[in-house]
Structure formats: structure tokens, C-alpha cells
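Chemist: Coordinates for the following, if possible.
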Amino acid sequence: MNVTIHNRTPYLNDFYFRTLCMLYFPGEKFREGAEEAGENAASFLLEERADGFFCCTELNAGGRTAKGSFSTAGYRPYVEMTNSDLAALALGKAYLEAGRKLFGFSLPWGYLLGLRPVKRAKYYLDRGYSAETVEKLFVEDYGVQPQKATLAVETAQTEIEMLRDTLPTDCALYLSIPFCPTKCAYCSFVSCTTPRLLGLLPAYLERLKRDITDTCRVIREQGMRLTSVYVGGGTPSILTEVQLRDLLGHLQTCMPADHLREFSFEAGRPDTITPEKLHILKESGVRRISVNPQTTDEEVLRRIGRQHSMEAFFSVADAAMKEGFDVVNADLIAGLPGDTLATFEKSLADVMAIGFENITIHTLSVKKAAPLRFSEDGVYDPAGALARECVEYAWRTLKENGWLPYYLYRQKNIVGNAENVGYAKAGKENLYNVLMMEEYSTVFACGAGAITKLVSPDRNEICRIAFPKYPYEYLDASDGIREPEIRSFFASLHEQKG
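Modeler: Coordinates of the predicted model:
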């Protein structure tokens, strides 16, 4: 895609312009220079004038052209905005106008970029703006569709209640098990599936236990309160019963559990879960698990490479309910190849009927490294009418039946420019998801690909410490949890406070 940028302001960089382009042109690679015949293209002019910011844009696709323009002169946003905000507003509104003319549809989240639109809504609610004002801000200033604005505000309100008792010294712990029996067609996670790589598991678990020991020691030394533990993947339930008992037993002996509010285990795929594993999880202190069908349609399951049958899912879900966990979560994905509104509606009805009190509705996000990226024609779909219809149906249906949204995030190249939303009955939300998504408290992490996020008490500083991406790199690394960096971060906070 050819992009021409004339940015005559110091407030936005070229990366921002290109990221905005991807809302209507997902999956594109960008270049500059002379435009080639038939090439998708975008051109921008953004300048600061005496009376505000002005932007005009021109988009080209499929031999057609559309233009849009906007000026902030005389414009009164619903909240106080910086010059950077106003420059983004002028650019965003001009781009949305051109895109709507060229493609014939509006973007559900307007020109908002990034993973965390709810964080923006929460920011203004925390500062005393009413829910009505924040919704108007999203609709009128950001170009967000009304249903999404309501969703963002509802989610932010739930998060505010969930975080009300969170202290600056609270923290969470994430453990990464990046191994799976097979790779799903839509997945691009670093997850080992071959026999050779699965053979790393015993050594991986030994290294992971050492890092758990060191991390829990640091938590104690820093006087922090561990409130949430989350074991994710990959597919953590790929561990054998012996491995599972050993890992969780080690964790129990190490972690400071006096303030623990939740202990979550992403059991995930039904074909890796057994009644004995469920029993081990329960007796090891796990309170919340997930059993993720993604769909209850057999044909769709086959197309995405899932290895379980629906009978297996229903059997595992029933066993998980009977084991007596505090919460059992199910994930569904909207926009999967071969899915229809009718099959999605049935999938949602199935998981609601089983009794899941926590249901996460994902929208398919097309990853460059995922097999699906190369096997499905037209999988990049910014219009995504079906996916949008499915997620809006889920929002209405779950709300009407007592599930409320409590966390939300978006992804690059998500079908229909939609979103992923966690819904829960009151009291059945997952705190870890909110802490991680809103970057509200420190989250320590152990394992390949895991990222520790150290968050200052005022939440103005975040330090990210990443483990090596691949398990074999993780095993070769010699610097452990990088305690010097962790200690330096907290020492600097103590100095500032002093």
C-alpha cells in the first residue's frame, strides 16, 4: 500500500498514520514513493492553523477514490483535550469520512487505536465525568458506534467496582505453559506442538519451578500482597497428572497466599482434560478454570483444526461443574471460517445452558503466523458483517440473562474491527484479566514468552521485563527473573517517595 504523509504538526508520528490506515486496510504492507496503477493508497495532509487543526485525506482502493476532511476550528469536544488529542481527532474524522465513502461502512470503534478502549473510558469516569458524557465523547468525538460506546462504559464501570479494594502493594502472578497437543488454524501463539519440542517439557518445568521460587521470594521481600494467580498457555492441561501435581504443589509451597483472591488455570482444550486432572486442580487450590470449545459446531471445529468432539466438550464441562470450582469459564470465537449466525447462536445457547457463569466472546483475529492466514480466501475482512452481528448478539443476549461485561480488549487485524469481551455473572469476574488489561497493578510472570509488568503505585510508570520467547531460549537463558531490574525499579520508587 502506498502512503503519502504531509504531517505539519509535532503531535503525531508517521507510525500513527499507518496504524490508522490498517483499520480499513488490514494486513497491508506500507511503502512510500510513486503510486502504482491499481495500488491501494492513502494520502494525508495534517496541519495546525491559527484556529485549530485541519486534515484532509484521500483513499484509493479497487480503482475508486474518496476524500474526507475535518477542521477543529470552533469544535468543542466533550472533554478537555490536548493538542495531540485534537490533532488525532482531526485526522481520525477525516479518515473515517473518506473510508465510509469508499467502503460503504463505518468502523464500530471509530478511529480509536490500541488494545484498550475501556482504559480510556475508565480514565474519564475516574475523573468525575458522567457515564452519559463519556458515551457522548466516544460517539461524537471518536466516531464510535453507540452500542460500542455503551459497551465500553459498562465495562469500565464494572472494572471500577472490581478494583475498588485494590491496594498499591497488590500484585498478580502469571505462569506460562507454551505447549499444545496440536496447533489451531487461527493461532499464532508461540506454542510447542511437535514431539521434539514437547520433549522439552520436563526440563522446562524444572526451570519454571526455580523462577517461581525466586519470584515468590521477591514478592515477600518487597512487602507485596499476592492477590491473583493465573496459569496460562498454550494449553497448561497438556501436563500429565504427575507433572500437574508436582508444579502446583511447588507453587503452593512457595507463594504467599494470605491475600489470594483467585487462582485460575486455563485448562483450555477438552481433549487434554481428564477427571483426574480436574481433581488435582481442585485439591491444589485452583478456584477458576476454563474449558474452551470456541464453537459447538462440529464442521467449524474441523475447519479450525480442533481435535475434540462436541460430546467430549459436554462431558468435560459437566465434570468441571461437578468438581465444584468457584468459576468455570468458556470461550467462544465469532467470525470463524464456516460459522454462521445460526451456528454461533447455538454455540452461545449451549454454553449458557451448561451453566458457565463466565463466558468470553472473542472475535477472530488474523495473525500472520497462523495457518488460517494462508488457507482461507478473504479472511482479512474489515467489514466483517457476520462477526459484528455475532458479537452484538452475544452482548444483547448475555446482558438480558444476567451476564455483564467486565473486561475488553481489541487486536490487530481483528475481523470486522470488533473486540474480545469477558462476561460474567456478578461476583464471577476474573480479577487477573482486569489487572493485566488495564495495567493497574504489578503482574509478575514466569516462563517462556511471559512478560513481567512492574507498575508504580500512581500507575504512571510501567517497566516491562520479558522472558525469552521460545522454550528452548528460556532454558538456555542464564539471567532468571532478572532480579536486579526488579529491585532497581522498586528502589527508584522508594527514592522518589523519600
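
Chemist: Endpoints of stretch 9-29, how far apart?
Modeler: Counting by CA to CA, to the nearest Å, you get 25 Å between the two ends of stretch 9-29.

Chemist: Give me the buried stretch members for that stretch, please.
Modeler: By neighbour count with 16 or more other CB atoms under 10 Å, stretch 9-29 contains the buried residues 9, 11-12, 16-18, 20-26, 28. Where you see a C-beta, it was placed from the backbone N, CA and C, and this is true even at glycine.

Chemist: Including distance to Ala330, pLDDT and secondary structure, could those residues go into TSV?
Modeler: Output for these, formatted as TSV (distance: CB to CB, whole Å; pLDDT from 0 to 100; DSSP: H, G, I helix; E, B strand; the rest coil):
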residue	distance to Ala330	pLDDT	secondary structure
Thr9	47	97	coil
Tyr11	43	97	coil
Leu12	41	97	coil
Tyr16	37	96	helix
Phe17	39	96	helix
Arg18	37	94	helix
Leu20	34	96	helix
Cys21	35	95	helix
Met22	30	91	coil
Leu23	30	92	coil
Tyr24	33	93	coil
Phe25	34	91	coil
Pro26	28	83	coil
Glu28	34	83	coil
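
Chemist: Max pairwise distance over these: which two?
Modeler: Within the buried residues of stretch 9-29, Thr9 and Pro26 form the most distant pair, 26.2 Å apart (CB to CB).

Chemist: State the helix or strand in which Thr150 lies.
Modeler: helix 146-162 (DSSP states H and E).

Chemist: Tell me where the stretch 251-400 of the chain has helices.
Modeler: 275-283, 298-303, 310-323, 341-354, 372-375, 385-400 (DSSP state H, counting those that start in this stretch).

Chemist: so how far is stretch 18-27 from its chain's centroid?
Modeler: 19 Å (CA atoms, centre = their mean, to the nearest Å).

Chemist: What's the end-to-end length of that stretch?
Modeler: 11 Å.

Chemist: just stretch 426-439 next, same as before
Modeler: End-to-end distance (CA to CA), stretch 426-439: 22 Å.

Chemist: Buried residues in it, which are they?
Modeler: 428-438.

Chemist: ok, back up a step: among the helices of the stretch 251-400 of the chain, which is nearest Cys171?
Modeler: Ranking the helices of the stretch 251-400 of the chain by distance to Cys171, with CB to CB as the measure, places helix 275-283 first at 22.5 Å.

Chemist: buried sites along that closest one?
Modeler: Residues of helix 275-283 classed as buried by neighbour count (16+ other CB under 10 Å): 277-278, 280-282.

Chemist: Which secondary structure elements does it sit against?
Modeler: When contacts are defined as 3 or more CB pairs under 8 Å, 6 or more residues apart in numbering; DSSP states H and E, helix 275-283 sits against helix 241-254, strand 262-268, helix 310-323.

Chemist: Kindly recompute the last result at 7 Å.
Modeler: Applying 3 or more CB pairs under 7 Å, 6 or more residues apart in numbering; DSSP states H and E, one finds that helix 275-283 contacts helix 241-254, helix 310-323.

Chemist: got a list of contacts for it?
Modeler: With CB atoms under 7 Å, 6 or more residues apart in numbering as the test, helix 275-283 has contacts from 237, 241, 244-245, 265, 289, 319-320, 323-325.

Chemist: Contacts only, for Phe344.
Modeler: Neighbour list for Phe344: 334, 390 [criterion: CB under 7 Å, 6+ apart].

Chemist: now it: how far from Met1?
Modeler: Phe344 sits 32 Å away from Met1, taking CB to CB, to the nearest Å as the criterion.

Chemist: quick revisit: between the buried residues of stretch 9-29, which is nearest Thr442?
Modeler: Using CB to CB, Tyr16 comes nearest to Thr442 of those, at 28.8 Å.

Chemist: Quick check: which ranges of the stretch 201-350 of the chain have low pLDDT?
Modeler: Residue ranges of the stretch 201-350 of the chain with pLDDT under 70: 307-308.

Chemist: count of residues packed around Phe313?
Modeler: Number of residues near Phe313 (other CB atoms under 10 Å) recorded here: 26.

Chemist: Contact partners for it?
Modeler: Per CB under 7 Å, 6+ apart, neighbours of Phe313: 270, 293, 296.

Chemist: In which helix or strand does Gly128 reside?
Modeler: According to DSSP H and E, Gly128 maps onto no helix or strand at all.
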